[in-house]
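Peer 1: Show me the folded form of this:
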Amino acid sequence: MATECDCRHVNKETSPSSPRERFYRRERRSVPAARAFTRDVLADWGVRGRTDDVVLCVSELATNALVHGVPPGRGFLLRLLPCGDGVRVEVHDSGGGVPAVPLDPDGSDEGGRGLLLVSELADKWGVTERAPGKVVWFECAASAD
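Peer 2: Model (predicted):
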């Protein structure tokens, strides 16, 4: 079932600190919808510190998933999990390859700067293989109210 943002709730957990996830189709409006979803979840969890960092990282990873990791007719899963004193964010897609931070971020390459932002803003980040595709994740410590 699609919502007005063309995304589907994957889980129906109601606990304030339970993991939250949504599936997004391969379309441009999925990125702002993922940002809004992230802000809503962080507010539900009472997370205030570093919200902008988390939302920016979600935006970059969602954009990367749409541009590089989601074949036509598919989508990506955004999962947010409480993690110690912060949050872990995972973007699951079905594309191949392993994303990497560019070796020459000041060079003339148009791509790769999104992961550079994630590597600078997040406390940890990485890539995990899955079949098919991969999970690109990051963690940020943040304060709660």
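
Peer 1: So which residue is smack in the middle of the chain?
Peer 2: Nearest to the mean C-alpha position of the chain, by Cα atoms, centre = their mean, lies residue 58 at 3.7 Å.

Peer 1: Tell me how far that one lies from residue 131.
Peer 2: 24 Å (Cβ to Cβ, to the nearest Å). For glycine as for every other residue, the C-beta is placed from the backbone atoms N, C-alpha and C.

Peer 1: nearest spatial neighbour of residue 42, skipping sequence neighbours?
Peer 2: residue 51 (5.3 Å; Cβ to Cβ, 6 or more residues apart in numbering).

Peer 1: for the strand or helix carrying residue 39, packing partners?
Peer 2: In this structure, residue 39 sits in helix 30-44 according to DSSP states H and E. If contacts are counted by 3 or more Cβ pairs under 8 Å, 6 or more residues apart in numbering; DSSP states H and E, helix 30-44 sits against strand 7-9, strand 20-25, helix 51-64, strand 75-83.

Peer 1: mind giving me CSV with the ones you listed and columns for distance to residue 102 and mean pLDDT?
Peer 2: Shown next, in CSV, are these (distance: least, Cβ to Cβ, whole Å; pLDDT from 0 to 100):
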stretch, distance to residue 102, mean pLDDT
strand 7-9, 30, 48
strand 20-25, 25, 97
helix 51-64, 13, 96
strand 75-83, 22, 95
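
Peer 1: what's the closest of these to residue 100?
Peer 2: Among those, the nearest to residue 100 by Cβ to Cβ is helix 51-64 (11.2 Å).

Peer 1: CA atoms only: put the closest one into CSV for me.
Peer 2: The C-alpha coordinates for helix 51-64 follow below in CSV (Å, rounded to 0.1, in the frame of the first residue of the first chain):
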residue,chain,number,x,y,z
THR,A,51,19.6,15.6,13.7
ASP,A,52,20.8,17.7,10.7
ASP,A,53,23.9,15.5,10.3
VAL,A,54,21.8,12.3,10.3
VAL,A,55,19.3,13.7,7.8
LEU,A,56,22.0,14.9,5.5
CYS,A,57,23.7,11.5,5.5
VAL,A,58,20.3,9.8,4.8
SER,A,59,19.8,12.2,1.9
GLU,A,60,23.2,11.3,0.5
LEU,A,61,22.8,7.5,0.9
ALA,A,62,19.2,7.6,-0.5
THR,A,63,20.4,9.6,-3.5
ASN,A,64,23.3,7.1,-4.1
